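In: quick one, fold the following:
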Amino acid sequence: MNVQQLKSRLTAYEVLMRFNMVGGLLLLWPQMWALWLASEGSPDPGWVVIFVVGAILMHSAGCIANDYADREFDSQVTRTKSRPLATGAVSTPEAFILMALSCLICFLMVLPRLTPLFMGLTALALVVAFSYPFAKRFFPLPQAWLGLAFGLGIPMAWAAETGHTSLDTWVLVVANIFWALAYDTEYAMVDRPDDLKIGIRTSAITFGRYDVLAIMCSYCMAFALILMVGLRAGLGVIFLASLLIACGFAGYHYVLIRNREGKDCMKAFSQNNWVGMLIFSGIALDYLLLKTAT
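Out: Predicted coordinates:
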């Protein structure tokens, strides 16, 4: 294999594992919310590193599983027809090796810190995450299933910091389900014409002409639940300001998606990285202000 072939192969691996996509950050931000809330602004640096690296690698593993499950469908969808498994640029054995390596690295990172609760939550998260690609065959709202898959990192992070979960932990999980339902429906609106042809179920299809209303209601539910958790944690003006700006982003998304143009729906989806970051920044900076004041 020459240098050019090696470069081409590595590029195909990168595309398959989505290292350059926003999805890994959408998985990461809720875990960061949980780490900071559970630790009252002073998370264990080791856990921060583990969850950052773990979010990147487990998102990649999930993308590989998704592309393997959808490899025959992807070739029929305009946006996904050039994915490596759909085109044969990456073989199935190669994909499985990359997925196994990602999971193994994550396991080795947490091995010295494993507790029964953390192991149980991890097992549950893996079952939900790797079943998500098949939920699109029968479940009318697979975007909510994705929100649960992404949201189970929240009790994992909370348990890592405190050794237990709490009511607020699970309220945040529900908030994440609504948030994912909002942003991933925006994403699904891009593929709706192709998904209708091939029979894939998505929330964009299920909601039909009420898709925009459903997205905005989902944003409202997510932000209301996050607000409740933040107030219960004693967070103040910085958190509230960041959440208000996040609401502003959601309002802008209405402007983007109301005409259901593919590129604008994708833009709205991508901007949710900023929404997650804003909420995290508000939590982290508010705790920092509280510590400085005392």
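In: what's the nearest residue to Ser281 if we skip its chain neighbours?
Out: With sequence-adjacent residues excluded and distances taken as Cβ to Cβ, 6 or more residues apart in numbering, Ser281 is closest to Ser242, at 5.7 Å. Glycine gets a C-beta too; all of them are placed from N, C-alpha and C.
In: helices of the stretch 51-200 of the chain, residue ranges please.
Out: 71-74, 84-87, 92-110, 116-135, 142-151, 153-162, 167-198 (DSSP state H, counting those that start in this stretch).
In: and whatever helix or strand the residue nearest to Ser281 lives in, what's buried?
Out: Ser242 is part of helix 237-257, with elements assigned from DSSP states H and E. Buried residues in helix 237-257, defined by neighbour count with 16 or more other Cβ atoms under 10 Å: Ile238, Phe239, Ser242, Leu243, Ala246, Cys247, Ala250, His253, Leu256, Ile257.
In: one more: stretch 188-201?
Out: The neighbour-count check on stretch 188-201 (16+ other Cβ under 10 Å) flags Ala188, Met189, Val190, Asp191, Arg192, Asp194, Asp195, Ile200, Arg201 as buried.
In: now for the residues you listed: which two are most distant?
Out: Taking Cβ to Cβ as the measure, the buried residues of stretch 188-201 span a maximum distance of 15.6 Å, between Val190 and Arg201.
In: so the residue nearest to Ser281 touches Val275, yeah?
Out: No - between Ser242 and Val275 there is no contact under Cβ atoms under 8 Å: 9.8 Å.
In: any idea of the mean pLDDT in whichever helix or strand comes after the helix holding Ser242?
Out: Toward the C-terminal end, the helix or strand that comes next after helix 237-257 (DSSP H and E) is helix 262-270. The average pLDDT within helix 262-270 is 94.
In: helix 262-270: how far from the chain's middle?
Out: Chain-centre distance of helix 262-270: 16 Å, with Cα atoms, centre = their mean, to the nearest Å.
In: and if you look at stretch 245-262?
Out: 19 Å.
In: neighbours around Tyr187, how many?
Out: By other Cβ atoms under 10 Å, the residues close to Tyr187 number 23.
In: nearest to Tyr183, of the buried residues of helix 237-257?
Out: His253 (8.5 Å).
In: quick one: the closest one from Ala61, how far?
Out: Here His253 is placed at a distance of 29 Å from Ala61 (Cβ to Cβ, to the nearest Å).
In: for Val22, which non-adjacent residue is spatially closest?
Out: Asn273 is the one closest to Val22 (Cβ to Cβ, 6+ apart), at 4.8 Å.
In: against Leu244, how distant is Gly251?
Out: Gly251 is 11 Å from Leu244, by Cβ to Cβ.
In: any chance of the buried residues of helix 237-257 in JSON lines, plus distance to Met221 and pLDDT?
Out: What follows is the buried residues of helix 237-257, written out as JSON lines (distance: Cβ to Cβ, whole Å; pLDDT from 0 to 100):
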{"residue": "Ile238", "distance to Met221": "23", "pLDDT": "96"}
{"residue": "Phe239", "distance to Met221": "18", "pLDDT": "97"}
{"residue": "Ser242", "distance to Met221": "18", "pLDDT": "97"}
{"residue": "Leu243", "distance to Met221": "14", "pLDDT": "97"}
{"residue": "Ala246", "distance to Met221": "13", "pLDDT": "97"}
{"residue": "Cys247", "distance to Met221": "12", "pLDDT": "96"}
{"residue": "Ala250", "distance to Met221": "11", "pLDDT": "96"}
{"residue": "His253", "distance to Met221": "15", "pLDDT": "97"}
{"residue": "Leu256", "distance to Met221": "20", "pLDDT": "96"}
{"residue": "Ile257", "distance to Met221": "17", "pLDDT": "96"}
